[in-house]
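Q: Please work out how this folds:
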Amino acid sequence: MKIAIVGTGYVGLVSGTCFAEMGVHVTCVDVNKEKIKALMCGEIPIYEPGLDEMVLRNHREGRLNFTTDLTSVLGDVDIVFSAVGTPPDEDGSADLQYVLAVARLFGQNIKKYTVLVTKSTVPVGTGTKVKTVVAEELRKRGVDIPFDVASNPEFLKEGAAVKDFMSPDRVVVGVESERAKELMTKLYRPFLLNNFRVIFTDIPSAEMIKYAANSMLATRISFMNDIANLCELVGADVNMVRKGIGSDSRIGSKFLYPGCGYGGSCFPKDVKALIKTAEKNGYNMQVFKAVEEVNEKQKSVLFNKLSAYYRGDLKGRRIALWGLAFKPETDDMREATALVIIRKLLEAGVRVKVFDPVAMDECKRRVGDAVNYATDMYDALDGADALLLLTEWKLFRLPNWNVVKEKMNCPLVIDGRNIYDFTDLRSIGVEYSYIGK
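A: Predicted coordinates:
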């Protein structure tokens, strides 16, 4: 089977590479000539564990190819995946211009029955818009070429995307015809050997499943952060509360970890888009508006703790940050708490020194020389009046606390991910503050 994937961003490149790994002949398409040239030379534009090796192997063995010209492959593929960006408009709704541009190009150039599958995260109703655009382009050509549209939302976690694609909890496919269902079943048949579920739905339901899933996970995070903030006021320990409610089989423990806010390319954007979709349909999503509000406030919690410790006297102080990416195992800083913290610290006249094992270049691109960049995690601590932990990278989990104390001006640790032990740190003379206690 031959397929094309339009868009070589996070979703497109991971999906295309994993399909190739299972024996499908894949052509990844992108309008960015430099990106395609780099990929053909074996240079991977994103950080994702295990992906670079897989891209190189499948490209070398001829199953994974790259081009800037979608029209050159449309006559030879059975399925086209649209994995282009859907950035938020100013009002929070998803911008579909790139999705619809792919649909137009598809309609202008297909030569035989082909399925156009939306892999991008799109609002409910996008499938209908895509189908209308393709049909209009075929009408302009004066041809009657059969086609189908489908929805196949991704559920990839950054930092574990390859594993998630190869061994998913489920695959959701929205289709309108048996012919499209049969073709998508054929594509995913190699994965069925692992006995995971392919759930076929109508297209609007598939589109909604993606938004509902991400919004539910975001809700659990904001719920736990709200509980953590209340725990601090009433003298409870959120870590104990989390264990107590997480042991309930109706609730479970996943995504009940308090912290300093969620970020990334999915949760913030998808919650906003779902709120906007509801507004366009005359409905008020009160729960998700609260989820978004809690998360935005949570990103300032560590700064507030720091300011309270020094009673607002922050000007000229040296503060170290461990972690810049919005989560471990990625260099992605989109909507990252670190960006909020850095802005607030700089506005307060603080001298900031940062370290992250993979996101330093991304921080330089976004922040420039406004902060200092450490050579390693301990270098960030020289003369620091406090250490703020923002990302729970493994190398931060068991530091040498004697070195930490020796390097810092004041051994104050404010833990935004609750990864350290309160009793242990206090016993060795480290001032320690975490979320929810």
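Q: so what's the residue of the chain positioned farthest from its centre scoring on pLDDT?
A: What lies farthest from the middle of the chain is residue 142; by Cα atoms, centre = their mean that is 41.6 Å. The model reports residue 142 with a pLDDT of 96.
Q: Please apply the same query to residue 198.
A: As predicted, residue 198 sits at a pLDDT of 87.
Q: can you tell me the helix or strand for it?
A: strand 197-201 (DSSP states H and E).
Q: buried residues in whichever helix or strand comes after that strand?
A: As assigned by DSSP H and E, the chain's next helix or strand after strand 197-201 is helix 203-234. Across helix 203-234, burial judged by 16 or more other Cβ atoms under 10 Å covers 203-204, 206-211, 213-215, 217-229, 231-232. Glycine gets a C-beta too; all of them are placed from N, C-alpha and C.
Q: Okay, angle between helix 203-234 and strand 197-201 too, please.
A: Here the directions of helix 203-234 and strand 197-201 differ by 110 degrees (axes from the mean of the first three to the mean of the last three Cα atoms, to 10 degrees).
Q: any idea of the mean pLDDT for helix 203-234?
A: 96.
Q: Same check on stretch 103-115?
A: Throughout stretch 103-115, pLDDT has a mean value of 96.
Q: ditto for stretch 59-72
A: Stretch 59-72 shows a mean pLDDT of 96.
Q: all strands of the stretch 151-300 of the chain, in order?
A: In the stretch 151-300 of the chain, the strands defined using DSSP state E, counting those that start in this stretch lie at 170-174, 197-201.
Q: so which of these is the most packed in?
A: With neighbours taken as mean count of other Cβ atoms under 10 Å, these reach their highest mean count in strand 170-174, at a mean of 20.
Q: just checking, what packs against that strand?
A: Packed against strand 170-174, as judged by 3 or more Cβ pairs under 8 Å, 6 or more residues apart in numbering; DSSP states H and E, are the following elements: strand 147-151, helix 178-192, strand 197-201, helix 203-234.
Q: residues contacting the closest residue to residue 156 other than its chain neighbours?
A: Nearest non-adjacent residue to residue 156, counting by Cβ to Cβ, 6 or more residues apart in numbering: residue 164, 4.9 Å away. When contacts are counted by Cβ atoms under 8 Å, 6 or more residues apart in numbering, residue 164 touches 155-157.
Q: how close does the closest residue in space to residue 269 that isn't next to it in sequence sit to residue 45?
A: The shortest distance from residue 269 to any non-neighbouring residue, by Cβ to Cβ, 6+ apart, is to residue 88 (5.3 Å). To residue 45, residue 88 is 22 Å away according to Cβ to Cβ, to the nearest Å.
Q: pLDDT weak spots in the chain?
A: 90, 192-196 (pLDDT under 70).
Q: about what we covered before: TSV for the strands of the stretch 151-300 of the chain, including distance to residue 288?
A: Formatted as TSV, the strands of the stretch 151-300 of the chain follow (distance: least, Cβ to Cβ, whole Å):
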stretch	distance to residue 288
strand 170-174	20
strand 197-201	22
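Q: Nearest to residue 255 among the ones you listed would be which one?
A: strand 170-174 (16.9 Å; Cβ to Cβ).
Q: so that closest one versus helix 203-234, what angle?
A: Using the same axes, to 10 degrees: strand 170-174 against helix 203-234 is 130 degrees.
Q: quick one on the thing from earlier: can you pull the contacts of the residue farthest from the centre of the chain?
A: Contacts of residue 142 (Cβ under 8 Å, 6+ apart): none.
Q: for residue 134, same thing?
A: 103-104, 106-107, 116, 147, 149.
Q: mind running it again at 7 Å?
A: When contacts are counted by Cβ atoms under 7 Å, 6 or more residues apart in numbering, residue 134 touches 103, 106-107, 116, 147, 149.
Q: In ChimeraX, select just the buried ones from the residues you listed.
A: To isolate the buried members of the contacts of residue 134 in ChimeraX, using 16+ other Cβ under 10 Å:
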select :103,106,107,116,147,149
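Q: Let's have the contacts of residue 134 in a markdown table, adding distance to residue 364.
A: Conversion of those to a markdown table gives the following (distance: Cβ to Cβ, whole Å):
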| residue | distance to residue 364 |
| --- | --- |
| 103 | 37 |
| 106 | 38 |
| 107 | 42 |
| 116 | 39 |
| 147 | 45 |
| 149 | 41 |
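Q: which one of the contacts of residue 134 sits closest to residue 393?
A: Using Cβ to Cβ, residue 116 comes nearest to residue 393 of the contacts of residue 134, at 39.3 Å.
Q: for the closest one, helix, strand, or coil?
A: At residue 116 the chain is in strand, as set by DSSP: H, G, I helix; E, B strand; the rest coil.
Q: what bridges to it?
A: Per DSSP bridges, the residues bridged to residue 116 are residue 80, residue 149.
Q: doesn't residue 80 make contact with it?
A: Yes - at 5.2 Å, residue 116 counts as touching residue 80 under the criterion of Cβ atoms under 7 Å.
Q: Quick check: neighbours shared by the two?
A: Residues touching both residue 116 and residue 80 (Cβ under 7 Å, 6+ apart) are residue 106.
Q: Just list the residues touching residue 345, thanks.
A: By Cβ under 7 Å, 6+ apart, the contact set of residue 345 is 303, 319, 352.
Q: ok, the closest residue to residue 219 other than its chain neighbours - how many residues close by?
A: In space, residue 219 comes closest to residue 291 once its chain neighbours are excluded; the distance is 5.0 Å by Cβ to Cβ, 6+ apart. Residue 291: 26 surrounding residues under other Cβ atoms under 10 Å.
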